[in-house]
Each structure stands twice: as structure tokens, then as C-alpha cells.
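> Here is my input; please provide its structure:
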Amino acid sequence: MAGNSSSDNDGFGEVPKKRGERTRYTANLFCFLFGIYSFYLIATTVQLEKMEERSFCNGTLTAGEEELCLVREYNHVFSLPVLFCSAIISKIVMCLFVLAEEYKHKQSRHNNSNRQLLKNCFQVFLTMNFLVGFCILLCSLYWIRSKDVYLFTNHWSLNWPNIITSVGVTVITNYAFGFKVLSVVELSEIHESTNINVAQGLAWSYFTGYLKIILKDLKGTIEKNRDDDPNGISWKAELNQGNLQCMFYAIVPLNCEIPSKLGGCPIKHKGITFEGKLPTLYVDRAGVKGRPYVNSVYKIDNGKGVSKLAICEYVTIIDTLFQMPLCTDIDPQKREEQCRLLVRTLRDLIKEDIDCRNKCVIVTLSGKEDPLLRDVLLDNIQNVGVQLD
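From the prediction side, this is the model:
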């Protein structure tokens, strides 16, 4: 892949990278620190219990005072599993809310299966993380029960109001205060991790339906003899002389506005002229016998004596992103985000495919008059040439 001539990708902006595991690492760090705090509480409680036992043996405490001390000592430790129980019950209640709606769609969305319906609604309780955490919670409750603390006998009923209150607060804050609504970042992360973005779908379509076909034997297509070429250009000779690279340049403007002709605009396409077409590639596809694929070769001239031939064209699917804001709620900012994501996805797909690797460069630019497309193309051609040497 070629580099870019400027820090902002010629006005295109920075292409977003895949989200990493920093959020999970931060959550794990929080869990680790919270675990240390929990062990600290337990250790402190055990130490206090021993001190109270010694005081009680010395006769300094009455039986009633001893009971109150035990309740006080274990209050912080026992509050932890109570809170975890409240959180689990809260999640069960909210899953029941979802079940109430999804039951109407049991046939259309869940194959009319009660088992599938329950699995989809309560999926969070079927994960390994929950099972491990629930086992730890049970062990904690058993440990506290084994200490014969009065909270589990005479005072256990006092915790139910706390549990019910915690569940109510959780449900109210999630629905009344809108805490259940995912942030833009969380939604974006879900879309990207599950490949359901518009940009990713378009990128996969363009890659599998076009790039993989023309790039698989691009060199063979260039070296084919073409007797019907009116200009009598031998692309094989141009390739051997180094005037033409065995490289396909796919142009992506950030504003997603693409013209019908490359070289037709006297300002944006200054210095770009059509030189000819590569031999037609015929492929049987989707029931079409001998579907033709034709690529054009352009001369890129900077007006200072430097010129190169290049196989280039605009990425046609970008026009879909350009048209969508006209009939949907996608605003220009979201369109630019989708455009950058499309570029990243295309680059990843090209890099990972052995038939397309090192045969295609995604050329990014702002789509405005500055910088000129010819300068951006020449920069990419030069960078590719340096990498190939």
C-alpha cells in the first residue's frame, strides 16, 4: 500500500483504525482493583472478628454486644454479594421487558421456537463470563454463610428492601433517564465488530464483485495483444519499459461525489488525459456468459515534465454513499465517517487476499479542487515505485 503525501491524506483526513481492546483492558483493571478492595474488606473483617473474639473471651462484651459487632463487621463484606444479586435481578427484569415485546415476533424472528426466543432474550446469562462470575458469587455467599453471621438468620429479611430498591433504581435509570441508550461510540463499535455498517457491506461488495475479478490476473490482462486498439499502444511494452505499473489505482473522494468521466473536469482533473483501454476481460458470472470488464489507462502529467501512465478509476460504490443523504437520515458527517471506514475495510481486504495484495492502491483525497487529483496520483505512483524497487 502506498503512503500519502501529506499528514491529512490530501484532505481526506485520517482513516480510522480498528478499535482495540483498551476498553476491555480498562474494565479488567477496574475488576482487578475492585477485587483487591474486596479482599481487603474480607481480611479486615476477619481480623476484627478475631479481636472481638478475644475481647468477648475476656468478658469485655456482652452476648448482645457481640451479636451487634458481628453484624457491623460483616456489613461491608455482605453488601457486595447483595449488590451483585441486585444487579443480576435487575438484568433479569429488563430481559423480561424485552421478552414481552419479542413474544409477538416469535414466529417471524425466532422460528416460532420458545427455546430460541428465551435464548435470544436471555443470552447474557448463557455466556462464560456470567457463569464464572455467578460461581464466584455463590462461593462468596457460602463463605459468609459458613461464618454463621446473624445477617443470614435473624437479619436476612432486612436485605430484601435493599435488593428491591436497587432493582427499582436500576430499571428507572435505564428507562426513565435513558441510560439504556447506547452511545455513538458503543453503537459504532458494535457495527464494526459485527460487520453490519453500510460502508463495510459496500466494501465487501466492491471487493468480491469487482476487485478480486480484475486483479487476479492483472498482469496477464496488460500483456494481452490487442489488435483492435486504434492507437496501436502496446501496454506490455509500456509495462516492460516502466512507464506503466501493474497496479490498479482506486480513487475515493471524501465528499463521495464522483464524475461520469475521469479527466472531464478542467480544474479537478487538470493534467489527466485518457490514453486507451486495457484488453477486455471476459468472465462468466451470475448467469451472464462472458461478462466484460474493461479498465482504462490514463496519462498523468504534472505540467513540469513529469508524466506517468496509470490504470485508475473512481470507486463506483462511493456514489451510493453520496446518494443516501438525499433520502435517508445520514448527514454529511456520518457519510464521511462511512467513507473512511469503507477505505479502511477495502485496504484490509486487499492486504489479506493473496491475489489482490500489492496490486491495488486506494487513493484518498478530499474531493475539492485542492489538492489536484493528478498530484495525488503522482505521489501514490511514486511511492509504489519506491516500494517495488
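
> Only C-alpha atoms from now on, for both contacts and neighbour counts.
Fine.

> Domains in this structure, by residue range?
22-192, 194-388 (automatic domain parsing).

> Which is the succeeding secondary structure element to the helix or strand hosting V185?
Using DSSP states H and E, V185 falls within helix 184-193. Moving toward the C-terminus from helix 184-193, the next helix or strand (DSSP H and E) is helix 198-206.

> What helices and strands are in contact with that following helix?
Identification of packing neighbours for helix 198-206 by 3 or more Cα pairs under 8 Å, 6 or more residues apart in numbering; DSSP states H and E yields helix 332-352.

> tell me what the helix it packs on is packed against?
Using 3+ Cα pairs under 8 Å, 6+ apart, the elements in contact with helix 332-352 are helix 198-206, helix 318-323, strand 360-365.

> So for that helix, what gets flagged as buried?
335-336, 338-347, 349-351 (16 or more other Cα atoms under 10 Å).

> Among the helices and strands packed on helix 332-352, show me which one is buried the most.
Using mean count of other Cα atoms under 10 Å, the stretch among these with the largest mean neighbour count is strand 360-365, at a mean of 25.

> which residues are in contact with that one?
Strand 360-365 is touched from outside by 1-2, 9-12, 215, 247-254, 343, 346-347, 350, 371, 373, 376-377, 380, with contacts defined as Cα atoms under 8 Å, 6 or more residues apart in numbering.

> next one: stretch 111-128
By Cα under 8 Å, 6+ apart, stretch 111-128 touches I92, C95, L96, V98, L99, E102, Y103, K106, Q107, H110, F130, L131.

> how close does the third one sit to Q123?
Spelled out, it's L96. Per Cα to Cα, to the nearest Å, L96 is found 12 Å from Q123.

> between those two, which one's more packed in?
Legend: neighbour count by other Cα atoms under 10 Å for L96 and Q123, higher for L96 (15 against 12).

> tell me which element that one falls in.
Per DSSP H and E, L96 falls inside helix 75-102.

> helices and strands around that helix, which ones?
helix 22-57, helix 114-121, helix 128-146, helix 159-175.

> for it, which positions count as buried?
For helix 75-102, burial by neighbour count (16+ other Cα under 10 Å) applies to 77-78, 81-82, 85-87, 89-92, 94-95, 99, 102.

> go on, stretch 251-259?
By neighbour count on 16+ other Cα under 10 Å, the buried set for stretch 251-259 is I251, V252, P253, L254, N255, C256, E257, I258.

> My guess is the second one contacts I318. True?
Yes: checked against Cα atoms under 8 Å, the pair V252 and I318 is within contact range at 7.2 Å.

> quick one, which of the domains of the chain is nearest to P16?
domain 194-388 (6.5 Å; Cα to Cα).

> And the strands in the stretch 201-350 of the chain?
For the stretch 201-350 of the chain, the strands defined by DSSP state E, counting those that start in this stretch cover 244-253, 272-277, 281-285, 288-293, 296-301, 307-314.

> Can I get those in a markdown table including mean pLDDT?
Below are the strands of the stretch 201-350 of the chain laid out as a markdown table (pLDDT from 0 to 100):
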| stretch | mean pLDDT |
| --- | --- |
| strand 244-253 | 93 |
| strand 272-277 | 90 |
| strand 281-285 | 91 |
| strand 288-293 | 92 |
| strand 296-301 | 92 |
| strand 307-314 | 92 |
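
> Which among the ones you listed is found nearest to V169?
strand 244-253 (48.7 Å).

> roughly how far is that closest one from the heart of the chain?
Remark: strand 244-253 is offset 26 Å from the chain centroid, using Cα atoms, centre = their mean, to the nearest Å.

> quick one on the thing from earlier: from the buried residues of helix 75-102, which has minimum pLDDT?
Of all the buried residues of helix 75-102, V77 has the smallest pLDDT value, namely 63.

> Go ahead and confirm P292 touches L278.
No: using Cα under 8 Å, P292 is not in contact with L278; the gap is 11.6 Å.

> neighbours around the spatially closest residue to T221 that is not a sequence neighbour, how many?
In space, and not counting its chain neighbours, T221 is closest to P279: 6.2 Å by Cα to Cα, 6 or more residues apart in numbering. Other residues lying near P279 total 22 when counted by other Cα under 10 Å.

> change the start of the numbering to 23 and stick with it
Sure thing, new numbering starts at 23, so read that last one as P301.

> P301 reaches K241, doesn't it?
No: shown here, P301 and K241 do not form a contact pair, counting by Cα under 8 Å, at 11.2 Å.
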